[in-house]
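> sequence first, predicted model second:
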Amino acid sequence: MLEILTKNGWEPLANRKNYYTLYEYSGLQTLSFDISPNDDVYQYIANEVPVRNGENRYLIKGIDKRKTLCTVTCVIDMDEWQQREPYLNTKDLEKFQTKTLISILDSIKPSGWDVINAGIRSIKRSVELEDADDYDVLMACQEIFDVTYEINNLDRRILVIDPESVVDKGIYITPQLNLESMTMKGSSDNFATRITAYGKQNEDGSYVNFTAINDGKNYVEDNTYANKANPVWMVWKDERYTIPENLLSAAKKKLKETAFPILSFEITVNDLAESDDRYSFLKMGLYDFAHVIVDEKTEIIERVIKLQKYHDTPDKNKITLSNNPETIMGKLNQAVSEATVNLSLAKGSILEQAQNKATQLINSWAEKGHVYMTENEIYILDKIPKEQAKFCIRINLGGIAFSQSGWQGPYISAWTIDGKFNADFITAGTIIGIKLKGTEIIGGSITGETTINVGTDLYVGNNIYLGNQKTNAHKRISLNKDTYIEFSDFAVVIQRATSQLFMTDESFFVRFNSGDFIPFMANLKDKEVYVGGKMRVHDKLYVNGGAAILGLVLFLDGFQSQEDCTFMKNVFVNGDLSVFGNKNRVVETKNNGNRKLNAVESASCYFTDEGQVEFDAKGKAIIVFDPIWLETVNTEKQYHIQLTPYCDVCPWIVEEHKDCCVIAGKPNTKVNWHVSAIQKGCEDIRLEEYKKEGV
């Protein structure tokens, strides 16, 4: 439940729209939702007001008010980490110099907060920041110690995570199952295949290096991607490093970031795990690896660095995958150029890849884990004590069970004492994902001469293919001998008792049980429909291109009418609508009857929006455009902003961006804004000549 703190306590934001949380690699979370200014709860919307859901508490930081909706942006509430006086310079304080991560975090955490798992880093580092508070130190430690955080301020807890230790759980995304759309961005701006690294400067003027432990070389290199004869060389200096072994390890890691192009994929995914427990094995989180299977031999495997979770509509969820994760310190703040998706073919079949991944997973855990035994059970755990474990293999007289949620389950698969294997996810042969309990096949294919007997219901995600497409034989889906759908190269026939519907490439017609054809036929080639009697539309009439009802004939190409046409309900036009007369909306007035209001026309295809913002104490304000509106217009082209102030000082535009506009004016005053932008796909349309078309 999404709630806001009011003078009466916490109240639900029940009528919100576009409610989502953006989870970022650094552990930061941004919550956003739209609300109508007419909503009763809207009166409590103000900057710094707390909002909470079941995951965290947030503070309102951005309010963009428009005529019908207001977009509210919130960030995770970390005020408790900013209550103490900031440090002028952390390098002057002993508690921040050459300390472990757990030592630094324990020294700055507020009372009542727990920092868990900070002991995963045994190295010692120094924090050197100016004018920084405890929150700044907390976030800086992520890059210094190469960790990330999972923040829960409701329980006042921070879990320290090593992203590199996250196990590949084999989460698959396929067009047939859950992939909605995909775009790619790429960059090689900081490309280098050889790095010479220097650490802290010694008293004699030399720098810490790793030559003595790296075969006499003061550099590391990787030509796997470039395969160039001459190296692309860069020098990297970081005075935090005083130990050669640590410097060498850090240089090798940095080389992974520079020796390969930075690729990121933004994917809209139907998050089935959020809406259907049967797909719990597809549940995705930050740092997880996602296997995007584009086709039989094309697979992308990258880490999730952003997750945009729509709480009310999981089919809109978005994830961003990258081979070079973002950090809060801004490693990826350079602009990346748009690129056409050019996917390389993965070697081997999906089966071979699955087998290789299973082998890698087993081998990678060969020397890890812990065994815990009782009188009746054996546990194999990733951590001890068992209460802290996430991954578990549990063996007892009931069977063998596997869990990714702790030693008590729930179990994603189990081999039980009765000899049955109950699994949520198996990769085997050409069948990907099969539940043997209940016989549910998720994705994949079954080939050969096969008969499948279904006792009750058969659910198919997309297509059913009947027979060999190269033959002309009739194929049929039958319920009984009188009710079926029949397919051939010539036509499709739908039979119900003695009534039939025939459809060919150029026409269709209907025959009822009288044996005669109903006087309703369509010639798709000539785009004509003939109705043998009166045609009445009781609800909606959908037309491609235009329509005219002339007695008994409905023309689908053009629009003509010998007399007025009246539609009692909605009319949908999928093509262009050209009008020689006026375009009006008729509105009922209280004292003056029905009045016509005229449509506003423009020379080009412009869409508009408007709202109101308030200048801050420095006279600055940001107009953030509605993200849904942005999907309809092209703000890469010039758009137009009109400003109407509530004072005698004229405001002005400071910066224009494709998703917002920075303006300046008199401090602490309001200004109304109106924006016009060209419709996407209509950038070159302006005052087109009208040419008569139709019948």
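Looks like it arrived, so ask away.
> what about the helices in the stretch 501-650 of the chain?
627-630 (DSSP state H, counting those that start in this stretch).
> pLDDT weak spots in it?
Within the stretch 501-650 of the chain, the stretches with pLDDT under 70 are 505-569.
> who's the most centrally placed residue in the chain bridged to?
Centroid-nearest residue in the chain, with C-alpha atoms, centre = their mean: residue 318, separated by 0.5 Å. Bridge pairing for residue 318 (DSSP bridges) gives the partners residue 268, residue 308.
> and it, how far is that from residue 674?
Applying C-beta to C-beta, to the nearest Å, the value for residue 318 to residue 674 is 30 Å. All C-beta atoms are positioned from the backbone trio N, CA, C, and that covers glycine.
> do residue 373 as well
Counting by C-beta to C-beta, the gap from residue 373 to residue 674 is 72 Å.
> swap in residue 162?
50 Å.
> same deal with residue 144?
Residue 144 is 47 Å from residue 674, by C-beta to C-beta.
> let me see the mean pLDDT of stretch 27-41.
Stretch 27-41 comes out with an average pLDDT of 91.
> now do the same end-to-end measure for it.
End-to-end span of stretch 27-41 (C-alpha to C-alpha, to the nearest Å): 29 Å.
> secondary structure class of residue 236, three-state.
strand (DSSP: H, G, I helix; E, B strand; the rest coil).
> list the residues that contact it.
Contacts were defined as C-beta atoms under 8 Å, 6 or more residues apart in numbering; by that measure residue 236 touches 195-198, 251, 254.
> all helices of the stretch 151-300 of the chain, in order?
Per DSSP H, counting those that start in this stretch, the stretch 151-300 of the chain carries helices over the ranges 244-258, 272-275.
> run through who's touching the longest one.
In this case it means helix 244-258. 123, 146, 190-193, 195, 197, 199, 208-210, 212-214, 220-222, 234, 236, 238, 241, 324, 331.
> please apply the same query to the shortest one.
Counting contacts by C-beta under 8 Å, 6+ apart, the residues outside helix 272-275 that touch it are 177-178, 278-284, 309, 314-315, 317.
> okay, that helix in CSV with CA atoms only?
C-alpha atoms of helix 272-275 as CSV (Å, rounded to 0.1, in the frame of the first residue of the first chain):
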residue,chain,number,x,y,z
LEU,A,272,5.2,-12.6,-14.8
ALA,A,273,6.8,-13.4,-11.4
GLU,A,274,4.9,-10.4,-9.9
SER,A,275,1.5,-11.5,-11.1
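> helices and strands of the protein: which one has the lowest mean pLDDT?
Every helix and strand in the chain was compared by mean pLDDT, DSSP states H and E; the lowest is strand 337-338, with a mean of 26.
> need the per-residue pLDDT for residue 242.
For residue 242, pLDDT reads 80.
> now it: closest residue in space that isn't a chain neighbour?
In this structure, residue 242 finds its nearest non-sequential neighbour in residue 200, 4.8 Å apart by C-beta to C-beta, 6 or more residues apart in numbering.
> for the one you found, give its distance to residue 18.
Taking C-beta to C-beta, one finds residue 200 at 49 Å from residue 18.
> what do you get for residue 137?
For residue 137, the distance to residue 18 equals 35 Å [C-beta to C-beta].
> higher neighbour count, these two?
Shown here are residue 137 and residue 18; by other C-beta atoms under 10 Å, residue 137 has more neighbours (22 against 17).
> phi, psi for residue 40 please.
Per-residue torsions, residue 40: phi -60, psi -30 (degrees, to the nearest 10).
> any idea how far residue 14 is from it?
Going from residue 40 to residue 14 by C-beta to C-beta gives 10 Å.
> related to what we said a few turns ago, which one of residue 144 and residue 674 is surrounded by more residues?
A count of neighbours by other C-beta under 10 Å puts residue 144 above the other of residue 144 and residue 674, at 19 against 13.
> OK, contacts around the more buried one?
Residue 144 neighbours (C-beta under 8 Å, 6+ apart): 125, 127, 240.
> ok so, going back, thought the residue nearest to the centre of the chain was touching residue 267?
Yes - if you go by C-beta atoms under 8 Å, residue 318 and residue 267 touch, sitting 6.7 Å apart.
> now, of the contacts of residue 144, which are buried?
For the contacts of residue 144, a burial check counting by 16 or more other C-beta atoms under 10 Å picks out 125, 127.
> would you list the contacts of residue 144 in TSV and tack on distance to residue 392?
As requested, the contacts of residue 144 are exported to TSV (distance: C-beta to C-beta, whole Å):
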residue	distance to residue 392
125	33
127	36
240	38
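> closest one of the contacts of residue 144 to residue 639?
residue 127 (43.9 Å; C-beta to C-beta).
> so which helix or strand takes in the closest one?
Under the criterion DSSP states H and E, no helix or strand holds residue 127.
> residue 81 belongs to a strand?
No - using three-state DSSP, the secondary structure at residue 81 is helix, not a strand.
> contact partners for it?
Residue 81 touches 108-110, 133-135, 138, counting by C-beta under 8 Å, 6+ apart.
> and those, which of them are in helices?
Members of the contacts of residue 81 lying in helices (criterion: DSSP state H): 108, 134-135, 138.
> spatially, which two of the residues you listed are the most separated?
108 and 135 (8.7 Å).
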